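**Q** How does the following fold in three dimensions:
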Amino acid sequence: MAQGTVQVTHTGTSRWRRRTGEYASLAAALEAATDGDVLTVAPGTYRENLVVQRAVTLRGPENSPGSVRIAPSDGVPLTVRSSAVVQDLHIEGQDSAAPALLVEDGAPELVDVRVVTRSASGIEVRGGARPTVRRCTVDNPGGIGIAVLDGGGGVFEECEVVSAGQSGVAVRGGAHPRLERCRVHHASGAGLSATGEHTGLEAIGCEVYEVKGAGVQITGRATAHLTDCDVHRTTSDGVTLDTDAVLTLADCRIHDIPENAIDLRSRSVLTLTRSTVRRFGRNGLSVWDPGTRVDANQCEIHDSTGDYPAVWVSDGATAVLESCRVHDVPDALFVLDRGSRADVVDSDLSQVRNTAVSVSDGATAQLDDCRIREAATGAWFRDHGSGGTLANCTIDGVQTGVIVTKGADPTIERCTVTSPAEAGFYVSAGARGSLHGCRVTDSGGYGFHVIDGCRTTLKKCRTERCGRGGFEFAEDGPLVEDCTSDESGGPRTGAWEPAPAVQTATQSVGLLGAIPGQRTTEQEPEKSAVAEQASRSSKAVLGELDALVGLDSVKREVRALTDMIEVGRRRQQAGLKAASVRRHLVFTGSPGTGKTTVARLYGEILASLGVLQSGHLVEVSRVDLVGEHIGSTAIRTQEAFDRARGGVLFIDEAYALSPEDSGRDFGREAIDTLVKLMEDHREAVVVIVAGYTAEMKRFLSVNPGVASRFSRTITFSDYAPEELLRIVEQQADEHEYRLDSGTGEALLKYFTALPKGPAFGNGRTARQTFEAMVERHAGRVAQFDEPSTDDLTLLYPEDLPELP
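**A** Have a look, this model is predicted:
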């Protein structure tokens with residue numbers, strides 16, 4: 001479309017002035033116009049760089065939007081330096097170093113202007129300009145959508161940035177714009193960006209979405225206020241604050257964010273009121289660095305799509321949550337590092353897959369009048385220097401109510417734990433803590449479980465209807481005063497008799513007899529069994545070991561180890577130094593090669609030599625040690641270790657505790673707990689880890705802390721066909737069967753031809769083969785009316801099962 005004419009309507013009252021006039025170019029019309037004149041531009045494309053310096057109205061024809069195009073080949077297509085009105089124009093720029101529409105001064109009105117360009121910025125406001133921009137659209141894939149710079153301001157109403165090669169709206173250099181009911185989307189940078197001291201941004205009822213950077217980015221001492229805004233479907237974080245930034249979010253909605261919904265660092269301050277954060281891939285609220293602070297009031301954070309805590313406070317930052325709800329998340333609140341602090345008041349944390357509140361690395365958390373429901377662990381104070389206060393809180397429907405470990409020292413007052421599947425309060429690994437006026441009801445485990453000699457203080461605590469007992473303490477246990485328990489639940493296993501309906505305990509260090517529900521760790525049946533085992537001499541047990549088929553190298557290793565221990569014991573009796581012998585072992589080999597049997601005999605040998613108290617065997621695997629949530633794994637591992645005290649803890653397929661794609665797998669927690677227990681109780685339990693040879697080599701190589709605890713690896717080789725035959729012969733003798741003269745040779749051929757893949761069971765396969773022969777023999781002999789003794793005892797080659 002060719003360039004048209006410009007009609008100028010003059011508003012002057014002098015008789016000699018023309019009332020109207022037409023001009024061949026916009027530049028000429030603007031030159032002739034004075035304040036108050038109206039310039040109506042005919043449809044067409046104008047290749048001019050326009051400068052509006054008077055308070056005129058510049059508009060396209062009515063009812064013909066987009067028909068007037070201002071499209072010079074370079075430079076700024078339209079510059080406004082007055083309080084003019086610009087309406088119904090289509091602006092196109094081609095200069096990547098200049099804006100398409102520049103407002104430098106005055107308080108102009110820009111109405112229904114569409115900017116389609118590839119410029120440095122679509123609309124740029126700077127200096128003392130204070131425009132009112134209504135229903136304008138910017139499409140600028142080459143740069144910033146709207147830039148407000150160097151003290152500029154103005155109001156943007158119902159505007160839309162449909163694309164931007166950088167930020168959708170960028171504010172800096174002390175500028176202060178206000179956005180009302182605007183939409184910003186498909187920007188390659190941040191949706192809204194404000195940076196620099198004295199810079200401010202206010203947005204009301206706006207929407208930011210489909211941007212490749214952060215939805216809102218406030219940095220470098222800038223301030224911003226967002227009210228009733230939506231930020232969603234970003235590629236990066238939803239909202240970011242950095243370097244002394246200040247932001248207020250009121251009645252806002254941040255959702256569908258793949259990274260952190262809100263992230264603030266470096267002394268930034270966020271005030272969050274009546275806002276919702278949902279469907280985020282990392283943290284809902286991530287707070288870092290000393291001086292950084294967030295105050296959230298009446299907010300809701302929920303529906304995480306990732307595997308990270310909803311609220312993360314670290315590196316000395318502070319978070320305050322009041323009357324907030326956090327739910328349907330992997331973890332609710334993690335507070336880490338010395339100087340970090342979280343204060344949570346009158347808030348609900350619920351439907352948490354792992355831990356509701358985690359405090360570690362010297363951090364502090366204070367929860368007052370909070371409600372924790374449906375979590376794996378209610379609160380966990382993890383390590384030395386970590387602490388804080390739980391006061392007047394309720395914890396309901398969790399696996400474990402409160403865990404305190406590794407030197408942590410919280411104060412817990414007037415808190416109630418209801419219906420935990422495991423312990424109400426669990427304290428271990430040298431933790432401390434003060435529990436005053438706390439209560440546990442309807443626990444599936446213990447009410448208060450304190451082990452490892454933790455110097456916890458319990459005062460006026462009470463338990464009711466706890467499945468395994470109200471209180472369970474180690475010998476050098478906590479300080480207890482005025483604690484009571486009804487002990488009506490009784491234990492889940494064992495033969496312990498319940499105490500009277502209510503007992504009261506007032507104790508100082510060591511007076512464990514006064515603790516309600518105190519009991520021993522091992523069950524009575526185990527004790528009687530191991531007493532019988534320990535009555536045998538080491539020679540008798542070694543004789544049983546020698547009688548096992550094959551395992552020649554295993555027998556040599558066990559004998560050498562036994563000899564070392566025996567000679568060391570005799571040297572000590574003679575007043576000589578004895579070499580230190582690490583008794584923990586690694587057994588490698590295929591299934592069915594006798595690892596469990598040898599472990600049982602090894603325990604008996606150590607008991608006969610006085611190295612172990614009983615020598616009984618407790619066999620576990622991953623499923624017995626690893627829980628489904630943080631906290632339960634440590635408890636399960638501790639309980640398995642306690643059952644093995646005085647004997648051998650045999651961990652079959654130990655490599656499963658450290659899978660190659662471990663990620664957030666809780667097996668790591670079992671390994672860490674086990675290593676510490678082995679170190680703290682090195683004389684009480686012998687640990688044997690077992691599994692396939694290659695997998696165990698990998699397990700030890702990636703867990704050097706485990707490998708250093710084991711002195712010797714014993715490899716169990718697969719059985720040869722001749723050894724499998726001997727096992728069948730032993731089984732036959734034991735069950736009063738005999739092999740016919742040709743059956744032995746048939747068995748050798750059978751075992752030689754049998755596939756030896758990963759599923760091959762070695763000794764187990766030999767026993768299964770014998771059982772199959774007995775079954776086929778029964779089916780054959782059952783047809784005889786009067787079978788002879790030979791018929792009833794002889795196994796023939798035809799009794800062998802088919803090869804798989």
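**Q** pLDDT at residue 16, what is it?
**A** With respect to pLDDT, residue 16 scores 41.
**Q** How about residue 86?
**A** Reported pLDDT for residue 86: 97.
**Q** what's the following helix or strand after whatever helix or strand it lives in?
**A** Per DSSP states H and E: residue 86 is located in strand 85-87. Following strand 85-87 in sequence order, the next helix or strand is strand 90-91 (DSSP H and E).
**Q** Against which helices or strands is the helix or strand following that following strand packed?
**A** For strand 90-91, the following helix or strand on the C-terminal side (DSSP H and E) is strand 99-103. In this structure, strand 99-103 packs against strand 78-80, strand 121-126, with contacts taken as 3 or more C-beta pairs under 8 Å, 6 or more residues apart in numbering; DSSP states H and E. Any C-beta I mention is one placed from the backbone N, CA and C, and that applies to glycine too.
**Q** can you list contacts of the host helix or strand of residue 539?
**A** Residue 539 belongs to helix 538-547 when assigned by DSSP H and E. Helix 538-547 is touched from outside by 555, 558-559, 562, 566, 598, 601, 604-605, 608-609, with contacts defined as C-beta atoms under 8 Å, 6 or more residues apart in numbering.
**Q** Export those as a markdown table, with columns for pLDDT and distance to residue 344.
**A** Output for those, formatted as a markdown table (pLDDT from 0 to 100; distance: C-beta to C-beta, whole Å):
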| residue | pLDDT | distance to residue 344 |
| --- | --- | --- |
| 555 | 81 | 61 |
| 558 | 81 | 56 |
| 559 | 81 | 61 |
| 562 | 80 | 58 |
| 566 | 79 | 59 |
| 598 | 88 | 53 |
| 601 | 88 | 55 |
| 604 | 88 | 54 |
| 605 | 85 | 55 |
| 608 | 84 | 57 |
| 609 | 82 | 55 |
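**Q** Would you mind checking these for buried ones?
**A** Buried by 16 or more other C-beta atoms under 10 Å: 555, 558, 562, 566, 598, 601, 604-605, 608-609, out of the contacts of helix 538-547.
**Q** Pick the one among the residues you listed closest to residue 113.
**A** Nearest to residue 113 out of those is residue 598 (C-beta to C-beta; 86.4 Å).
**Q** Is that closest one in a helix, a strand, or coil?
**A** Residue 598 carries the three-state label helix when classified by DSSP: H, G, I helix; E, B strand; the rest coil.
**Q** my read: it touches residue 551, true?
**A** Yes. Residue 598 is within contact range of residue 551, at 7.2 Å (criterion: C-beta atoms under 8 Å).
**Q** Need the residues touching each of the two.
**A** residue 716.
**Q** Pull out the buried residues from whichever strand or helix holds residue 484.
**A** Under DSSP H and E, the secondary-structure element containing residue 484 is strand 479-485. Buried residues in strand 479-485, counted by 16+ other C-beta under 10 Å: 480-481, 483-485.
**Q** now stretch 413-422
**A** Buried-residue list, stretch 413-422, by 16+ other C-beta under 10 Å: 413, 415-420, 422.
**Q** for stretch 763-779, same thing?
**A** For stretch 763-779, by 16+ other C-beta under 10 Å, it's 763, 765-767, 769-770, 773-774, 776-777.
**Q** same check, this time on stretch 89-109
**A** Here stretch 89-109 shows 89-95, 98-109 as buried, counting by 16+ other C-beta under 10 Å.
**Q** hmm, back to that, show me the buried residues of stretch 763-779 that map onto helices.
**A** Using DSSP state H, the members of these that fall in helices are 763, 765-767, 769-770, 773-774, 776-777.
**Q** and of the buried residues of stretch 763-779, the nearest to residue 794?
**A** Once C-beta to C-beta is applied, the member of these that ends up nearest residue 794 is residue 777, at 8.2 Å.
**Q** Mind pulling up the pLDDT for that closest one?
**A** 88.
**Q** Could you give the number of residues near the closest residue to it other than its chain neighbours?
**A** Ranked by C-beta to C-beta, 6 or more residues apart in numbering and with sequence neighbours excluded, the top spatial neighbour of residue 777 is residue 799, at 4.8 Å. Residue 799 has 23 neighbouring residues, counting by other C-beta atoms under 10 Å.
**Q** cool, residue 36 as well?
**A** The burial count for residue 36: 13, using other C-beta under 10 Å.
**Q** three-state assignment of it?
**A** On the basis of three-state DSSP, residue 36 is classed as coil.
**Q** Pull up the gap between it and residue 56, please.
**A** 7 Å (C-beta to C-beta, to the nearest Å).
**Q** what do you get for residue 471?
**A** 87 Å.
**Q** Have a look at the two and say which one is more surrounded.
**A** residue 471 (30 against 25).
**Q** so residue 647 makes contact with residue 687?
**A** No. Using C-beta under 8 Å, residue 647 is not in contact with residue 687, being 10.5 Å away.
**Q** Comparing the two, which residue is more hemmed in?
**A** When neighbours are counted by other C-beta under 10 Å, residue 647 and residue 687 differ, and residue 647 comes out ahead with 27 against 23.
**Q** excluding its backbone neighbours, what's nearest the more buried one?
**A** In space, residue 647 is closest to residue 616, 3.8 Å off (C-beta to C-beta, 6+ apart).
**Q** Taking the centroid of the protein, which residue is nearest it?
**A** residue 308 (4.0 Å; C-alpha atoms, centre = their mean).
**Q** What residues sit buried inside the longest helix seen in the chain?
**A** When the chain is parsed with DSSP H, its longest helix is helix 552-573. The neighbour-count check on helix 552-573 (16+ other C-beta under 10 Å) flags 554-555, 557-558, 561-562, 564-566, 568 as buried.
**Q** Over to stretch 376-393?
**A** 376-391, 393.
**Q** Check the separation of the first and last residues in that stretch.
**A** End-to-end span of stretch 376-393 (C-alpha to C-alpha, to the nearest Å): 16 Å.
**Q** next one: stretch 176-187
**A** 21 Å.
**Q** Residues touching it, excluding its own?
**A** By C-beta under 8 Å, 6+ apart, stretch 176-187 touches 125, 145, 148, 152-169, 171, 191-192, 199-213.
**Q** Stretch 237-245 too?
**A** Counting by C-beta under 8 Å, 6+ apart, residues outside stretch 237-245 touching it are 190, 194, 214-224, 231-232, 247, 249, 254-255, 257, 259-270, 277, 280.
**Q** That one: end-to-end distance?
**A** Termini of stretch 237-245 sit 16 Å apart (C-alpha to C-alpha).
**Q** Could you point out which of the buried residues of strand 479-485 is nearest to residue 296?
**A** Checking those one by one against residue 296 (C-beta to C-beta), the nearest turns out to be residue 483, at 36.7 Å.
**Q** before we move on, the earlier item: shouldn't the residue nearest to the centre of the chain be in contact with residue 353?
**A** No. At 11.4 Å, residue 308 does not count as touching residue 353 under the criterion of C-beta under 8 Å.
**Q** Quick check: the gap between residue 643 and residue 602.
**A** Residue 643 is 17 Å from residue 602, by C-beta to C-beta.
**Q** do residue 740 as well
**A** Residue 740 is 38 Å from residue 602, by C-beta to C-beta.
**Q** got it, and residue 138?
**A** Counting by C-beta to C-beta - residue 138 and residue 602 are separated by 78 Å.
**Q** Give the buried subset of the contacts of stretch 176-187 as a PyMOL selection command.
**A** The buried subset of those, as determined by 16+ other C-beta under 10 Å, is captured in PyMOL by this line:
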select buried, resi 125+145+148+152+153+154+155+156+157+159+160+161+162+163+164+165+166+167+168+169+171+191+192+199+200+201+202+203+204+205+206+207+208+209+211+213
